[in-house]
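# Sequence first, then the predicted structure:
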Amino acid sequence: MKITLSVIKADIGGHVGHSSSHPAILEIARNILQDEKNKGFLIDFYVTACGDDLQLIMTHQHGVDNKDVHAMAWDTFKKCTEKAKELKLYGAGQDLLKDTFSGNLKGMGPGVAELEFEERKSEPVIIFMADKTEPGAWNIPLYKMFADPFSTAGLVIDSEMHGGFTFEVHDVIENKKVELKCPEEIYDLLALIGQPGRYVIKHVYRTSDKLYAVSTSTSRLSLIAGKYVGKDDPVMFVRAQHGLPAVGEVLEGFAHPWIVAGWMRGSHHGPFMPVGVEDATPSRFDGPPRVMALGFQLANGMLGMPRDMLKDKSFDKARWEALKIADILRRQGPFEPHRLGPEEMEYTTLPAVKKKLKNRFQDI
Ligand code: F6R
Ligand code: MG
Ligand code: MG
């Protein structure tokens, strides 16, 4: 059975500040998606939140980039925004960058990760959701899962994975894409994705049969809006097992708190802390950046009961390490590399400061 998995998210208002979402908003989204399921438009859905981002997880048979699916998600965000405005939630509607929907969510603000695929005999899928960071935050974990044999044992000892995986990388500045085959082109891949503010992994597929295993959201809000509008807070999902990385190999990508861009005012490096759903509430210095993961066993498109994958005790050390890194970086205050470089900062007073001091600068 061919199904489409669409994970579509937007920050439509935070409670309190940018730290979390309001239950009333989730309820509105659930009611709308339930209606769509009752009508048969959706097969199934699950609504959740990661920090201040509302997450719509949907299965259907309309394919990717479907106008009606995207329009429905857009309308859901709009209706939720009305309530967010009524409750005066912080930054109500902040990710809805355009006034009218024009056929596709691309360039409109919300993040989209989608794949159409033949549901396998058993189809474990893990949906990762992040807050207070950018789409390039997925680069290291995806590299670990699909290209690093020290992380994923199956690359070495599973004959179905031994042929390697191909990464589709997007240049989000120039709007170009390139496919790189691993392990053959690992060094080229790393040369690009080591710059996560620009090169972002969009898809990964098994090279031998082009089975797509990964889709990520790649929208960069600041590039769309041309100014600061909040971090993108990306999503992605990964299909697992049976010739793909095992669930444990997928999760191993988050066994260490990688340092990512985002955090306070989208202008700081911070540790990417793996957490359970109830801890996806960035608080200290509006962070540190969070990642949570829900696992599903699809059954004819039905999502079934989710599992909170990163809540597990085995990630306690990564959380502790993240808090330690947070302390080390925080101590550095306004100095790089805690603060991002000038071209990456979402908030800056630098041009104004330079202008003010222009006449006081003397030749050396
Ligand atoms: C990060 C984020 C927050 C805000 C910060 C200041 O993505 O959204 O850290 O940037 O809380 O927000 P304002 O300027 O609205 O007070
Ligand atoms: Mg927000
Ligand atoms: Mg957010």
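Received it, and whenever you're ready, just let me know what you need. The structure displayed is predicted, hence computed values, not measured ones. Ligands and ions are numbered 1, 2, ... in the order given.

# Quick check: pLDDT value at the one residue in the chain that gets nearest to ligand 3.
Ligand 3 sits closest to Asp233 of the chain, with a gap of 3.9 Å, by Cβ to the ion. For glycine as for every other residue, the C-beta is placed from the backbone atoms N, C-alpha and C. With respect to pLDDT, Asp233 scores 96.

# And it, how far from ligand 1?
Between Asp233 and ligand 1 the distance, using Cβ to the nearest ligand atom, to the nearest Å, works out to 7 Å.

# Now do the same contact list for that residue.
9, 11, 50-53, 111, 129-133 (Cβ atoms under 8 Å, 6 or more residues apart in numbering).

# make it 6 Å
Asp233 makes contact with 53, 130-131, according to Cβ atoms under 6 Å, 6 or more residues apart in numbering.

# Pull the residues that contact stretch 167-179.
With contacts defined as Cβ under 6 Å, 6+ apart, stretch 167-179 is touched by 166, 180, 189, 192, 198-204, 218, 220.

# now swap in stretch 341-355 and tell me
Outside stretch 341-355, the residues within contact range by Cβ under 6 Å, 6+ apart are 197, 222, 228, 265-267.

# Also stretch 104-120?
Stretch 104-120 is contacted by residues 1-10, 63-65, 70, 95-98, 212, 215-217, 219, 224, 234-237, 298 when judged by Cβ under 6 Å, 6+ apart.

# what about stretch 35-43, distance to the chain center?
Taking Cα atoms, centre = their mean, to the nearest Å, one finds the center of stretch 35-43 at 26 Å from the center of the full chain.

# and the longest helix along the chain, is it in reach of ligand 2?
Secondary structure of the chain per DSSP state H: the longest helix is helix 67-86. No. Counting by Cβ under 5 Å from the ion, no contacts exist between helix 67-86 and ligand 2, the nearest distance being 10.4 Å.

# Make 28 the first number, not 1, from now on.
Renumbered: residue one is now 28, and that last one reads helix 94-113.

# filter the contacts of stretch 368-382 to the buried ones?
Neighbour counting over those (16 or more other Cβ atoms under 10 Å) leaves 224, 249, 292-294 as the buried ones.

# Check pLDDT for those and point me to the minimum.
Ranked by pLDDT, the buried ones among the contacts of stretch 368-382 bottom out at Ser249, which has 72.
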